[in-house]
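In: one predicted model, sequence on top.
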Amino acid sequence: MYVADAEAIKILSGYDSLLDAKLMSLGIYEDKNYVSVRIVIMARPSSKYSRVTLTFKDVVDFCFSYAKEYTFGNIEDLRFEVTEDGEFYISLDPDFSEPNKSTGDMDYVRSKNLFVELESK
């Protein structure tokens, strides 16, 4: 099943949230005049989906980091929203000291478009 934009955020913010899921892969692609970031996630055990692929198109900015001493891929916190500018934003390591997108957020993507593929179990 494919969903896009705000509908994708709505589906993935409820029962089928990305919390307790696992990041499987991260890809960055250039396509003519814009950059896309694709994130593949193994859904949490209670979700009706097995895999979620998020494709952020026309990326405004992104930042991901890795350090060997930290566990890779576990999604323990999440900020997933439409910003005041109408952009799509996800942070897999948010700073909750502010109610919305924060300069302290880590592992994030901000884009003009969002497309999601949901694979059922």
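Out: Everything's here; your move. Numbers count the residues shown, from 1 in each chain.
In: quick one: residues contacting residue 60.
Out: Applying Cβ atoms under 8 Å, 6 or more residues apart in numbering to residue 60 gives the contacts 87, 110-112. C-betas here are computed from N, CA, C, even on glycine.
In: ok, what's across the strand from the most centrally placed residue in the chain?
Out: Residue closest to the average C-alpha location in the chain (Cα atoms, centre = their mean): residue 90, at 4.5 Å. Per DSSP bridges, the residues bridged to residue 90 are residue 80, residue 109.
In: show me where this protein has its helices.
Out: Counting by DSSP state H, the chain has helices at residues 5-11.
In: please enumerate the strands of it.
Out: All strands of the chain, identified by DSSP state E, fall at 2-4, 22-31, 34-42, 49-63, 79-82, 88-93, 106-120.
In: which of the contacts of residue 60 has the most neighbours?
Out: Neighbour tally across the contacts of residue 60 (other Cβ atoms under 10 Å): the maximum, 23 neighbours, falls on residue 111.
In: excluding its backbone neighbours, what's nearest that residue?
Out: In space, residue 111 comes closest to residue 56 once its chain neighbours are excluded; the distance is 3.7 Å by Cβ to Cβ, 6 or more residues apart in numbering.
In: same question for residue 3.
Out: Using Cβ to Cβ, 6+ apart and skipping the chain neighbours, the partner closest in space to residue 3 is residue 116 (5.1 Å).
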